[in-house]
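**Student:** sequence first, then the predicted structure:
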Amino acid sequence: MSAQNQGAPGAIRALFGMVALSAVAGVLATVMVTPAIALTGIAASNTIGIFDSLPEYIEINELPERNALYAQNTANPEDGYTRIASVFAQNREEVAFDQLNDFVKNATLAGEDRRFYEHNGVDVQSVVRAAVGNVVSGGIESGASTLTMQLVKNICIQEALKTEDLDREAALAGVADCQVSSLERKLNEAKLAINLEKEFTKDEILLGYLNIAGFGGNTYGIQAAAQEYFSVNAVDLTLPQAASLIAIVQQPGARSLKAPDNFEANQARRDVILGNMLAYDMITQDEYDAAIAIPVDENFVLPQPPRNGCIAANDYARFFCDYVVRNVANFGSLGPDAETRLSAWKTGGIDVYTTLNMSLQQVAYDAVLRYAPAGETRLQLGAVAVSVEPGTGRILTMTQNKLFDNSETPPGTEYTAVNFNTDRAYGGSSGFQPGSTYKMFTLIEWLNQGRGLREIVDASTFEYPFSAFTNTCSDIGVDVFEFGNDEGAGSSMDALQATRRSVNSAFVSMATQLDLCEIRNRAADLGVHRADGNELTTVPSSVLGVDEVAPLSMAAAYAGIANNGQYCEPIMVDRFVSREGEELPGQAPVCNQGLDPEVAAAAASAMSTTMVDGGTATLSNPFDGTPIIGKTGTTDRSRHTWVITSTTEFATAVWVGNIVGDARIRQYQNPEGFWGGELRHRIMREILGAANAQYGGAAFPEPPARLIRGSGIELPNLIGQSPSQARAILEGLGLRYGEGGTIDSGQPQGTVAATSPSPGAVVGRGLIVRVQLSNGNLGTVPDVTSAGFDEAQARAALQGAGFGNIATACVPINGGPDPAREGIVESQNPAAGTSTNRSTLVTIGVASQSCGSGGGGGGGDNGGGGGGSPAPSPSPGDGG
């Protein structure tokens, strides 16, 4: 602000006047407080010394103002921004002097300091009058505070409040010190007021006072008060409105217009101010009469509650707003440390341009609330959809199915202040078990160790001793880990199929070949952590996702997989604009290479199979041509259900589950009739459809061949080996022998006839290889038609090969006698070379001129006989 501009003679006169006034003010201050001095034992002669020792100058610093939060309208910043919230410690909007009308200025002077433009900071007449009153009362009951002195006091209060976020008790103590009735404070105010008037014009001081004064609660400044209590700007206040606002400043708690109980006290003080304005010729009699006739009541007060804080933010963005506000201490552009940043935020006037995509936020919000209604009473149903941008970590959506309310008494169960998307430290919950979505970190460590997607693992074991696992982080203990599969028992399968079907037993089998500590480390490399701040566990059950995590951290982890293994911490601000209009950088992406790019490519390849062809996440796919990876998760008893997906441009986590309690989500049916298990997919599909239309997505890299085949064991050919030989070979390779029963085989009875997996398959160590033994009953049917065998010769050949179950059929010779064909075997079933059980019926067809009545159908060239198939006759000894 500019200093007062005076000519030289005026400046000299003002200088001498200031010096004289300082001395007079000191003496008069002594007179004013003489009774107090007498009571405290301070010598009157010391007062001037006290006055001279006090600080001389005080600054009219920046006053707290509103901070504004903005969201992008679409993925393209060129499409503009929407203001989503105003957040402030004090509801204040500073105005210029020409934005104040005469009613406001004159009401202030009439109510607080009518000789304001005549004195130089301390009003001598008021001091004398107050001194007389104090002599009579025997204490300091009237302080003779001018507007300038009140401004000094308010500046003191504002400075004290700056530390409130860091030390509330100290801040409140500082506020009390600024208002205590003491000799030293009054002298301090007087001296600072005198020197303040040396630095600023009267208009500047009056403006400063009206911008800083408190008007009840956290409403500060005449503009905010005019908006809150009368829904107008300060320049548009009427006479009775202006007087009613100025009536508040001396006793905001008793006279503010926030509560009807204060109306009577406000009107009494307002009427005094109106009377003073009339007496000082600031208004006419007619103006006075019209104003005084208006009562202060519900018809007079026209409140417009300030839209302060996240509770009053855009309906779609309240939880996101709360998350931004809780992160202020982390915004480096606002200062070098947390204290400075919080102070800058409290001072306000900052425009915050966030990463939120408002159009997608609306889609996500509507989908979540549609499929998981906030007012559901049959269970404490929760739902979340949160999205981040791969490669930057920018948070693009953040929604949940409850409505934000951080008041002490929320209006109903559909309201909460807990952000289910985030960690507890930032207003979130303690997190939710991610279930099978956590299996990806076992797959990633599997690939990280050089294992392959096509490596086959055991999926038939549902009980492992803890000793079967490796844990280099801590002592694993002695216990047994038992679990089940969502789809029942399995056998063996490769890692790719295990991922597509989300088979618990396969992933636990994989984990027994890895280090549980390293599985945990792979999750941490992608930013996953417990929402309550504790360490991720490394017990066997952790493989199946038992650690409570925040959906935001899981979305960011999957974004890292989609981004060639590069993980980026979630961020929420693109840029700031300071109260001075200076552009400040937002949060720069903080990224690290959490995974080897080839490992990420192989993991993404497996995760893509869940989205198509009946994979567990197929229902989430909008099938718009955009490549998508993903994974589902369902915890025990379906308490929590998840689906997490990512394109190369957009990663989203959807959770639907119990906020508290253990209701089975799959057995829940929402008001539209959709079952709980499909709600996550319906939410995800709507979000993905809208997101893909804005962001698109590229193809994911092809996985390297080494991570398809892997480094497992190639299963040898055990066919023909004895069981003991096969067992020794398998155990020597680190595999396990499993009995698979007997099958028809041409191998000698009791030897190995087949294995599962088949010879040549690449398998993981510890796999149970199912060995099937031969029962010796499989033979190859010999050829009995090519050598011109008659029936007896054919039977002999078949019996010689072990096929004793033989039938004959007559093959008619059409077109007249043919001695060369008569009695010759011309057909057989099964065909020559067929491998089959030796007890299988073999039918041979013998040619004959006459196949008997009604049997062969030898009725002419046109087939007019009884049938086209030879009629079999039983072999000797068949009983018929």
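**Tutor:** Looks like it arrived, so ask away. Numbers count the residues shown, from 1 in each chain.

**Student:** next one: stretch 212-226 to chain centre, how far?
**Tutor:** From the chain centre to the centre of stretch 212-226 is a distance of 36 Å (Cα atoms, centre = their mean, to the nearest Å).

**Student:** residues in contact with it?
**Tutor:** For stretch 212-226, the surrounding residues in contact (Cβ atoms under 8 Å, 6 or more residues apart in numbering) are 63-64, 88-95, 99-100, 104, 150-151, 154-155, 158, 210-211, 228-229, 232-234, 236-237, 241, 245, 248-249, 252-253, 255-258, 306, 308. From N, CA and C alone the C-beta is placed, and that goes for glycine too.

**Student:** same thing with stretch 419-434?
**Tutor:** 319, 322-323, 326-327, 382, 384, 386, 398-400, 402, 417-418, 529-533, 545-554, 633, 635, 639-640, 642, 655, 657, 659.

**Student:** hmm, which of those are the buried ones?
**Tutor:** 319, 322-323, 326-327, 382, 384, 386, 398-400, 402, 417-418, 529-532, 545-554, 633, 635, 639-640, 642, 655, 657, 659 (16 or more other Cβ atoms under 10 Å).

**Student:** just the ones of those residues in helices?
**Tutor:** Under the assignment DSSP state H, the buried ones among the contacts of stretch 419-434 contribute Phe319, Asp322, Tyr323, Arg326, Pro551, Leu552, Ser553, Met554 to helices.

**Student:** now, among those, which is nearest to Gln747?
**Tutor:** Met554 (51.4 Å; Cβ to Cβ).

**Student:** so in the protein, where's the weakest helix or strand by average pLDDT?
**Tutor:** One helix or strand of the chain scores below all others by mean pLDDT, DSSP states H and E: helix 34-40, with a mean of 36.

**Student:** so how far is Thr634 from Arg664?
**Tutor:** 10 Å (Cβ to Cβ, to the nearest Å).

**Student:** again, but for Met572
**Tutor:** 30 Å.

**Student:** where in the protein is pLDDT low?
**Tutor:** 1-62, 126-144, 163-166, 305-306, 488-490, 852-880 (pLDDT under 70).

**Student:** quick check: domain ranges of this structure?
**Tutor:** 92-293, 712-774, 779-848 (the TED database).

**Student:** so which of these gets nearest Met440?
**Tutor:** Per Cβ to Cβ, nearest to Met440 of the domains of the chain: domain 712-774, 17.8 Å.

**Student:** nearest spatial neighbour of Gly484, chain-adjacent residues omitted?
**Tutor:** Phe462 (6.1 Å; Cβ to Cβ, 6 or more residues apart in numbering).

**Student:** Ser505 is in contact with the one you found, correct?
**Tutor:** Yes - shown here, Phe462 and Ser505 form a contact pair, counting by Cβ atoms under 8 Å, at 5.9 Å.

**Student:** which one of the two is surrounded by more residues?
**Tutor:** A side-by-side neighbour count of Phe462 and Ser505, using other Cβ atoms under 10 Å, places Ser505 first with 25 against 15.

**Student:** which element, helix or strand, includes the more buried one?
**Tutor:** helix 504-512 (DSSP states H and E).

**Student:** what of Ala693?
**Tutor:** Using DSSP H and E, Ala693 falls in helix 676-695.

**Student:** could you name the helices and strands sitting against the following helix or strand past that helix?
**Tutor:** Proceeding C-terminally, helix 676-695 gives way to helix 706-709 as the next helix or strand, assigned by DSSP H and E. Packing contacts for helix 706-709, counted by 3 or more Cβ pairs under 8 Å, 6 or more residues apart in numbering; DSSP states H and E, involve helix 597-608.

**Student:** neighbouring contacts of the helix it packs on?
**Tutor:** For helix 597-608, the surrounding residues in contact (Cβ under 8 Å, 6+ apart) are 440, 443-444, 447-448, 453, 495-496, 499-500, 560-565, 595, 627-631, 700-704, 707-708.

**Student:** picking that back up, just name the most buried of the domains of the chain.
**Tutor:** Mean neighbour count, computed with mean count of other Cβ atoms under 10 Å, is highest for domain 92-293 among the domains of the chain, reaching a mean of 19.

**Student:** and that one, how far from the chain's centre?
**Tutor:** The answer for domain 92-293 is 46 Å, by Cα atoms, centre = their mean.

**Student:** re earlier: which parts of the helix holding Ala693 count as buried, going by neighbours?
**Tutor:** Neighbour counts using 16+ other Cβ under 10 Å place 676-692, 695 of helix 676-695 among the buried residues.

**Student:** what does stretch 535-544 give?
**Tutor:** For stretch 535-544, burial by neighbour count (16+ other Cβ under 10 Å) applies to Leu536, Thr538, Val539, Pro540, Ser542, Val543, Leu544.

**Student:** ok, which stretches of the stretch 51-200 of the chain are strands?
**Tutor:** Along the stretch 51-200 of the chain, counting by DSSP state E, counting those that start in this stretch, strands occupy 67-72, 81-87.

**Student:** can you say which of those is packed in most?
**Tutor:** Highest mean neighbour count among the strands of the stretch 51-200 of the chain (mean count of other Cβ under 10 Å): strand 67-72, a mean of 23.

**Student:** partner strands of it and their direction?
**Tutor:** Strand 67-72 has these partner strands in its sheet, going by DSSP bridges: strand 81-87 (antiparallel), strand 351-357 (parallel).

**Student:** can you list contacts of that strand?
**Tutor:** Residues outside strand 67-72 that contact it (Cβ under 8 Å, 6+ apart) are 79-88, 313-314, 317, 320-321, 324, 345, 348-358, 361.

**Student:** which residues pair with the residue nearest to Gly427 when sequence neighbours are not counted across the strands?
**Tutor:** Nearest residue to Gly427 in three dimensions, chain neighbours excluded: Asn419, at 4.6 Å (Cβ to Cβ, 6+ apart). On the basis of DSSP bridges, Asn419 is bridged to Gly428.

**Student:** where's Asn419 relative to Ala367, distance?
**Tutor:** Taken as Cβ to Cβ, the span from Asn419 to Ala367 is 18 Å.

**Student:** and Tyr280, by the same measure?
**Tutor:** The gap separating Tyr280 from Ala367 is 64 Å, by Cβ to Cβ.

**Student:** same question for Ala291.
**Tutor:** Relative to Ala367, and taking Cβ to Cβ, Ala291 is found at 54 Å.

**Student:** Ala651 too?
**Tutor:** Counting by Cβ to Cβ, the separation of Ala651 from Ala367 is 17 Å.

**Student:** repeat for Asp337
**Tutor:** 40 Å.

**Student:** before we move on, what about Ser86?
**Tutor:** The gap separating Ser86 from Ala367 is 27 Å, by Cβ to Cβ.

**Student:** who's in contact with the nearest residue to Gln241 once chain neighbours are set aside?
**Tutor:** Of all residues not flanking Gln241 in the chain, Phe230 sits nearest, at 5.1 Å (Cβ to Cβ, 6+ apart). Residues near Phe230 by Cβ under 8 Å, 6+ apart: Leu237, Gln241, Val301, Leu302, Pro303, Gln304.

**Student:** one more time with 7 Å
**Tutor:** Applying Cβ atoms under 7 Å, 6 or more residues apart in numbering to Phe230 gives the contacts Leu237, Gln241, Leu302.

**Student:** repeat that for Leu718.
**Tutor:** Ala726, Ile729, Val752, Thr755, Val771.

**Student:** point me to the helix or strand that includes it.
**Tutor:** Under DSSP H and E, no helix or strand contains Leu718.
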